[in-house]
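S.K.: Quick one: sequence and predicted model below, then my questions.
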Number of protein chains: 2
Amino acid sequence: MAKVKKQPRPKAETPKGFRDYFGAEVTQRTEMLRQIAEVYHLYGFDALETSAVETVEALGKFLPDVDRPNEGVFAWQEADEDDKGDWLALRYDMTAPLARVYAQHRNDLPTPYRRYAMGPVWRNEKPGPGRFRQFYQCDADTVGTASMAADAEICALLADTLEAVGIARGDYVVRINNRKVLNGVLETAGVSDESQAADVLRTIDKFDKVGESGVRELLGKGRLDASGAYIDGVGLGDDQAAPVLAFLTAKGADNGETLDRLSAAVGGSAMGAEGVDELRQIADLLSAQGYGPDRIVIDPSVVRGLGYYTGPVYEAELTFDILDEKGRKRQFGSVAGGGRYDGLVKRFTGQDVPATGVSIGVDRLLAALREKGRISATAQGPVVVTVMDRARMADYQAMVAELRQAGIRAEVYLGNPKNFGNQLKYADRRNSPVAVIAGGDEFDAGKVQIKDLILGAQIAENATLEEWKERPSQFEMPRAELVAKVRAILDGQG
Amino acid sequence: MAKVKKQPRPKAETPKGFRDYFGAEVTQRTEMLRQIAEVYHLYGFDALETSAVETVEALGKFLPDVDRPNEGVFAWQEADEDDKGDWLALRYDMTAPLARVYAQHRNDLPTPYRRYAMGPVWRNEKPGPGRFRQFYQCDADTVGTASMAADAEICALLADTLEAVGIARGDYVVRINNRKVLNGVLETAGVSDESQAADVLRTIDKFDKVGESGVRELLGKGRLDASGAYIDGVGLGDDQAAPVLAFLTAKGADNGETLDRLSAAVGGSAMGAEGVDELRQIADLLSAQGYGPDRIVIDPSVVRGLGYYTGPVYEAELTFDILDEKGRKRQFGSVAGGGRYDGLVKRFTGQDVPATGVSIGVDRLLAALREKGRISATAQGPVVVTVMDRARMADYQAMVAELRQAGIRAEVYLGNPKNFGNQLKYADRRNSPVAVIAGGDEFDAGKVQIKDLILGAQIAENATLEEWKERPSQFEMPRAELVAKVRAILDGQG
């Protein structure tokens, strides 16, 4: 026999940029997806689940983020004798697969087709802190209608969904803008060159950082930034920059005023007027349904997505403050975005198919609820039935079976029972509310001991001796009262 | 400008072996996963979600199926300047990632660690009819205990889970076997060569097909099969084959008899006696908890998985008949399998970590429930509010908003409203129970019309004229009664 070379042990690590999710992290996300699906379903959207893998050809290159147009996918070639197998890739969003599905099944699907999809997507990009290469998206799209009622519906759906998952009214706002208005403004400004238009887009995206005067400089000759570096400008004349600035700062006291200012900003552009009219239709429909500007508002400073979408663009932002890693207050920011896009299905069929939709970043939304303390990062563990006498395993199993039948999460300690301290340490690590203890004496007497671990932890932390005496955290009771007593402790009436 | 070469249109197709899931297919699976997670959780198992992507190194090659040990994964190399990037792959099951997670986080995880995981897995194998390269698994495993109580618990969990998703008691059976018993039998038979042992395993796997006499021939010199081809045998002598056949046919009238026969079959093998003792412990624990042989039974003919696992092996089988594609009755067969394995974590840490667990094939279980008619393949669609007057879109939206607030799934028709027939066709395609109709006349009169599409379909199918007159499927009512009336129709009291 040949000498077997010793293989080095594999590293127990996730690939870079991936992570594991444990316990409450998983169940809370599942619960949030369920809540979101419930609202989507109520609105008439149908579930669609495509596989994680698509052909690279079908996927195309449609990433919405303007700054990273060449962002990568995870791709590989199918094994094949001639090395001519298809290239396959993991989906990078839910929209590209939707376009493929609609093109493939359009004769069997209703038109308009309202669908929702939720699941992980993958981006082959450099990971960073809090930035992972697999994350969840939760999309609702309507394919096959150009009606602004579809866009208004998506905005209402988005507001309702945020409230359904626990974001209170007032803690979020859905902001709407329109690509056609921007196009009208560019037309009026005389910016017809595509690359110059892209430069303008990139510049107005800096509005939040550099303010109106900064954007004015960057649209013109350029600007000395805080570090002392000179940033070249787009090179527009003052009269060209004026409508762009008017567009950016058009937000008025109410939607009516904003629309009037946008009308002025687009000047004589028909495209621009169409965009303003679309925004007016959406605002009217929403206001008729009671969605006022406290929930959904026209806001021309929404730029993210303007480069990708073809009509209305929407973004949901959480407006409450959180503390960043340095303890400074900041707004949580965007948790969902979407808009109208027309070209996706055309790639396959040659026909324009209007579509509009939204994508909710579920992981960000969960992070927001956790940072606000609305959901706890750890969940209560099961009741742990400890093992004093290994030969009585069936009796212990009977106890957990009874508890489970009463809907109480419970388990028997299955490790080595020799060291009883380890069993209590285990219960502690499991975040168990109650440990059940029974040895030969208790079985003989038809009794069982219960240790209230919630109370025990409280006592250990800050109770006085008096309190401890008054309410011991461990006590004995008849075996027959086990379920009732555990239930009482879990209900806080222990 | 260079002439742009016209790109051919991409094909709107899933990659070979992948498919899309629509509407009820998705929501029913989600609901089943929720039901399963509820039972797993009640038993004290904690959720774990790893990413779809692992390093090839961490994943290793541990596919449980003996017949296809080289079954492939979808893998690719990370982009890297030196072409030395890690090889990554999609997970092919949930167990390999569990081993990696336990090795990586063992100091932070409780021991024993009970975890459940649900999600898609990917296999790079030749697709066939009903055989896809992405499918769902739903696993529960206990890592870090050698106690047979853990195996008994998994079997009880499996039975409870099948009942929770709608498989009635009597329609399934969990069958248990043990690899150590087989090893003991092989020892007693004097089969020590590994490749000969594998041949024996392959042979006894044919027991269902060729019966006892067929296995006897195949263990010996060989056998002429139905097609006239001669199949070479393993070459055991009659005395060697005897314990193997005794093992295979050991199933008695009850677990006690089966265990006695197995005891005899393993002869003097200590390993075999250990296996029989393990089975006895499991059977005793289960019987003490009331899991009788109507639900969980020791069955030495369970062979699938014996080659992979190291101790107890379990398999859940649905026992009801279904009709196959040719209309012949057959049993539905296996929907879950599992067992005890010890080597997985050792790959990473060098230490033996005992583990046991089960994997439920959710897609097969769904298929079984559909074939039995326990769940319907199509779900009811939303109430469709049609559009007679495009200018009243806000009024139609108000109607659906009211319906939704009452928890009724509803939507406005968002296609081109010109052709009213198309709107009813759309409602039909959506499988809508009710269409709501209101034009200028109705709005002026404060009325609305309702079309009962469930009743309409029934009438169209088989009603007499009398019945039609008695209960028209379309009627008018005050606008204020819309929600109550729709609710009544949905509740079947229209």
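M.R.: Sure, I can see it.

S.K.: Name the SS class of A:Gly267, please.
M.R.: Applying DSSP: H, G, I helix; E, B strand; the rest coil to A:Gly267 yields a three-state assignment of coil.

S.K.: which residues does it contact?
M.R.: A:184, A:188, A:243 (Cβ atoms under 8 Å, 6 or more residues apart in numbering or on different chains). Where you see a C-beta, it was placed from the backbone N, CA and C, and this is true even at glycine.

S.K.: Compare these and tell me which has the most neighbours.
M.R.: Counting neighbours by other Cβ atoms under 10 Å in any protein chain shown, A:Gly184 comes out on top of these with 27 neighbours.

S.K.: Is it correct that that residue falls within a helix?
M.R.: Yes - according to three-state DSSP, A:Gly184 belongs to a helix.

S.K.: That one reaches A:Gly275, doesn't it?
M.R.: Yes - the pair A:Gly184 and A:Gly275 passes the contact test of Cβ atoms under 8 Å, sitting 5.8 Å apart.

S.K.: what do these two both touch?
M.R.: A:Val266.

S.K.: Could you pull out the helices in the stretch 1-150 of chain A for me?
M.R.: Ranges of helices within the stretch 1-150 of chain A are A:24-42, A:56-59, A:95-105, A:148-164, based on DSSP state H, counting those that start in this stretch.

S.K.: For the stretch 151-300 of chain A, list the residues in contact with chain B, please.
M.R.: A:152-153, A:156, A:284-285, A:288-290 (Cβ under 8 Å from any Cβ of the partner chain).

S.K.: just the buried members of these?
M.R.: Buried by 16 or more other Cβ atoms under 10 Å in any protein chain shown: A:152-153, A:156, A:285, A:288-289, out of those.

S.K.: which two in the residues you listed are spaced the farthest apart?
M.R.: The widest separation within those, taken as Cβ to Cβ, falls between A:Glu153 and A:Ala288 and amounts to 12.4 Å.

S.K.: Now for the two: what residues contact both?
M.R.: With Cβ under 8 Å, 6+ apart, A:Glu153 and A:Ala288 have common neighbours B:Gln397.

S.K.: for the helix or strand containing A:Gly357, the distance to its chain's centre please.
M.R.: A:Gly357 belongs to strand A:355-360 when assigned by DSSP states H and E. Here strand A:355-360 shows a centroid-to-chain-centroid distance of 13 Å under the convention Cα atoms, centre = their mean, to the nearest Å.

S.K.: Tell me the buried residues in it?
M.R.: Result for strand A:355-360 [16+ other Cβ under 10 Å]: buried residues A:355-360.

S.K.: low-scoring stretches of the stretch 51-200 of chain A, by residue?
M.R.: A:61-71, A:81-83 (pLDDT under 70).

S.K.: how about the strands of it, start to end?
M.R.: Listed in chain order, the strands of the stretch 51-200 of chain A (DSSP state E, counting those that start in this stretch) span A:53-55, A:75-77, A:87-90, A:113-122, A:134-143, A:172-178.

S.K.: Using CSV, lay out the ones you listed together with distance to A:Val483.
M.R.: Below are those laid out as CSV (distance: least, Cβ to Cβ, whole Å):
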stretch, distance to A:Val483
strand A:53-55, 48
strand A:75-77, 54
strand A:87-90, 47
strand A:113-122, 37
strand A:134-143, 38
strand A:172-178, 42
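
S.K.: Please tabulate the ones you listed in a markdown table and include mean neighbour count and distance to A:Thr161 as additional columns.
M.R.: As requested, the strands of the stretch 51-200 of chain A are exported to a markdown table (neighbours: other Cβ atoms under 10 Å in any protein chain shown; distance: least, Cβ to Cβ, whole Å):
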| stretch | mean neighbour count | distance to A:Thr161 |
| --- | --- | --- |
| strand A:53-55 | 24 | 26 |
| strand A:75-77 | 17 | 32 |
| strand A:87-90 | 22 | 26 |
| strand A:113-122 | 24 | 10 |
| strand A:134-143 | 23 | 8 |
| strand A:172-178 | 24 | 10 |
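
S.K.: Looking at these, spot the one closest to B:Val436.
M.R.: Of all these, strand A:113-122 sits nearest to B:Val436, with 17.0 Å by Cβ to Cβ.

S.K.: Which residue, other than its chain neighbours, is closest to the closest residue to chain B within the stretch 201-350 of chain A?
M.R.: Residue nearest to chain B within the stretch 201-350 of chain A: A:Ala288 (3.4 Å; Cβ to the nearest Cβ). Computed as Cβ to Cβ, 6 or more residues apart in numbering or on different chains, the closest residue to A:Ala288 that is not its neighbour in sequence is B:Ala394, at 3.4 Å.

S.K.: I'd like to know how many residues surround the one you found.
M.R.: Using other Cβ under 10 Å, B:Ala394 has 15 neighbouring residues.

S.K.: Now do the contacts for it.
M.R.: Counted by Cβ under 8 Å, 6+ apart, B:Ala394 has contacts A:284-285, A:288-289.

S.K.: and the angle for the helix or strand hosting it with helix A:148-164?
M.R.: Following DSSP H and E, one finds B:Ala394 within helix B:393-405. Counting by axes from the mean of the first three to the mean of the last three Cα atoms, to 10 degrees, helix B:393-405 lies at 30 degrees to helix A:148-164.

S.K.: Could you see whether chain A lies near the next helix or strand after helix B:393-405?
M.R.: Proceeding N to C from helix B:393-405, the next assigned helix or strand is strand B:410-412, under DSSP H and E. Yes - using Cβ under 8 Å from any Cβ, strand B:410-412 comes into contact with chain A via B:410-412.

S.K.: For strand B:410-412, which helices and strands make contact with it?
M.R.: Strand B:410-412 sits against strand B:383-385, helix B:393-405, with contacts defined as 3 or more Cβ pairs under 8 Å, 6 or more residues apart in numbering or on different chains; DSSP states H and E.

S.K.: Just name the most buried of the ones you listed.
M.R.: By mean neighbour count, with neighbours taken as mean count of other Cβ atoms under 10 Å in any protein chain shown, strand B:383-385 ranks first of the helices and strands packed on strand B:410-412 at a mean of 27.

S.K.: What mean pLDDT does that strand get?
M.R.: Strand B:383-385 comes out with an average pLDDT of 96.

S.K.: which parts of stretch A:182-198 are buried?
M.R.: Buried, per 16+ other Cβ under 10 Å, within stretch A:182-198: A:182-189, A:191, A:196-197.

S.K.: With A:Asp151 as the reference, measure out to A:Phe132.
M.R.: In this view, A:Phe132 and A:Asp151 are 30 Å apart by Cβ to Cβ, to the nearest Å.

S.K.: who's more crowded, the two?
M.R.: A:Asp151 (30 against 17).

S.K.: Touching, the more buried one and A:Ala283? I think so.
M.R.: No - using Cβ under 8 Å, A:Asp151 makes no contact with A:Ala283, being 10.7 Å away.

S.K.: Tell me which of the strands of the stretch 51-200 of chain A lies nearest to B:Val385.
M.R.: Nearest of these (Cβ to Cβ): strand A:113-122, 13.6 Å.
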